[in-house]
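*Asks:* give me the fold of what follows.
(one chain, ligands or ions: 2)
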Amino acid sequence: MILITGGAGFIGSNFVHHWLAGHDEAVAVVDKLTYAGNLDNLASVAQRPDFSFERIDICDRSEVARAIATHRPRAILHFAAESHVDRSIDGPGEFIRTNVQGTYELLEATRAYWSSLPPVERDAFRFLHVSTDEVYGSLDDGAPAFSETTPYSPRSPYSASKAASDHLVSAWHHTYGLPTLTTNCSNNYGPYQFPEKLIPLVILNALDGKPLPVYGDGSNVRDWLHVEDHCRAIERVLELGRPGRTYNVGGKNEIRNIDVVRTLCAILDELRPDPAGSHERLITFVKDRPGHDHRYAIDPTRIESELGWQPAETFETGIRKTVRWYLDNAEWIARVRDGRYREWIDRQYGRRAAAEGADR
Ligand code: NAD
Ligand code: TYD
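*Replies:* Residues are numbered from 1 along each chain as shown. Ligands and ions are numbered 1, 2, ... in the order given. So this is what the prediction gives:
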């Protein structure tokens, strides 16, 4: 069986569905269920005998060790993290706690378990750390994409905490021999993404006729990958990746934020026309994110050539599917938009609007 941290979040829950659909091997999820963790994401598998869930904070080493000892996984996949850059600017403490301290506690619990395994199981064991391209920092237009040898240069509290976690994982491999794998992936989109991130936020605001907030002038570039393609990449790295190695994951879909928002507006104009006019009328340029990274781009040569991974979705096919998913899942949306979500949105965008006023 495999054990997954953060399996109630966006990518983790997509991975659980992906795994259970294609493998005859059980999954145990441990997740703290922060605002971003949502058991609704796992509702359709909750009753399966090959699925189990435990509410555990990864910073609690004894609880993590107990879960590992109970399930005796052949692999641990580490998705749990605080993941939203704007929240990390607002309050970095939780990012240091979960992403740095939590990864350390998890590594130590894993090392104790792994050391106790018989040699054959110890050799086969894997610890796969799910990380981000944001650890490499920001690219100028035209600069070469991030490769696995690009020096780390994180610039937000989020990316700094993820960079720290990557270094811990690397150290546990080199010092203790723990068979680790690390993936550094670009921006994901798809089902079950919490509507604080650009794509679901824009879809939901557009459906409500609310402003579509674009930071700065909208020229920042992200390299978008459908979450299913990320799940396939993680699966491939787990099975074929070389311990100690890192793999960059990206779909060569570099798009400016303003073009992502316009694409979403065009799809919604077609699928859910608004009698008041095109959804583009709702685009609103707001005060930029402090330290906003200009561009991310992934060079996926290693995972393509060594592991034979290729994305199945283009941005055009993936974004259309994603919009349809949000249109078809009104109940999921209603349930995630609870008080804590509204409180964050009010605080975040209320403050940006206030700052805009002050700038004028
Ligand atoms: P998410 O915020 O949607 O989910 C994070 C999950 O971790 C939630 O279920 C949350 O409850 C859980 N969690 C948080 N703190 C915890 C703790 N202390 N103990 C146990 N569980 C805890 O994040 P996501 O977008 O699914 O990202 C998953 C991983 O992928 C993260 O490590 C992130 O850095 C990485 N990543 C994300 C993207 C992206 O575009 N979303 C891209 C590349 C890499
Ligand atoms: P986001 O989804 O927060 O991912 P990340 O910051 O990890 O790349 O943001 C994607 C891009 O969209 C980023 O350049 C910031 C921008 N953005 C907006 O313009 N408006 C918004 O309301 C949000 C949430 C993000």
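*Asks:* can you list the residues of this protein near ligand 1?
*Replies:* Within the chain, the positions near ligand 1 by Cβ under 6 Å from any ligand atom are 5-6, 8-12, 31-34, 36-37, 57-59, 79-83, 98, 102, 130-132, 162, 185, 187-188, 194. Glycine gets a C-beta too; all of them are placed from N, C-alpha and C.
*Asks:* hmm, try it at 5 Å
*Replies:* Residues of the chain found near ligand 1 (Cβ under 5 Å from any ligand atom) are 6, 8-11, 31-32, 34, 36-37, 57-58, 79-81, 83, 98, 102, 130, 132, 185, 187-188.
*Asks:* so which of these are in strands?
*Replies:* 31, 130, 132, 185, 188 (DSSP state E).
*Asks:* now stretch 166-184: mean pLDDT?
*Replies:* What stretch 166-184 shows for mean pLDDT is 99.
*Asks:* ah, wrong one, I meant stretch 148-163
*Replies:* Averaged across stretch 148-163, the pLDDT comes to 98.
*Asks:* this structure: helices as residue ranges?
*Replies:* Secondary structure of the chain by DSSP state H: the helices cover 10-22, 61-71, 85-90, 93-95, 103-115, 119-124, 157-176, 198-208, 227-240, 257-271, 301-307, 315-328, 330-336, 339-359.
*Asks:* just checking, what packs against the first one?
*Replies:* Here helix 10-22 touches strand 2-5, strand 27-31, helix 227-240, going by 3 or more Cβ pairs under 8 Å, 6 or more residues apart in numbering; DSSP states H and E.
*Asks:* how far away is the closest residue to ligand 1 within the stretch 1-150 of the chain from residue 39?
*Replies:* Scanning the stretch 1-150 of the chain for the residue nearest ligand 1 gives residue 9, at 2.0 Å (criterion: Cβ to the nearest ligand atom). Taking Cβ to Cβ, to the nearest Å as the measure, residue 9 and residue 39 are separated by 11 Å.
*Asks:* picking up where we left off before, isn't the residue of the stretch 1-150 of the chain closest to ligand 1 up against residue 37?
*Replies:* Yes. The criterion here is Cβ atoms under 8 Å, and residue 9 meets it with residue 37 at 5.6 Å.
*Asks:* now do the shared contacts for those two.
*Replies:* Jointly contacting residue 9 and residue 37 under the rule Cβ atoms under 8 Å, 6 or more residues apart in numbering are residue 31.
*Asks:* considering only the residues of the chain next to ligand 1, which also neighbour ligand 2?
*Replies:* On the criterion Cβ under 5 Å from any ligand atom, none of the entries of those sits beside ligand 2.
*Asks:* what subset of these is buried?
*Replies:* 6, 8-11, 31-32, 34, 36-37, 57-58, 79-81, 83, 98, 102, 130, 132, 185, 187-188 (16 or more other Cβ atoms under 10 Å).
*Asks:* got any ranges where the stretch 1-150 of the chain has weak pLDDT?
*Replies:* Scanning the stretch 1-150 of the chain for pLDDT under 70 picks out no residues.
*Asks:* again with the stretch 251-360 of the chain
*Replies:* 341-342, 353-360.
*Asks:* no further queries at this time; thank you.
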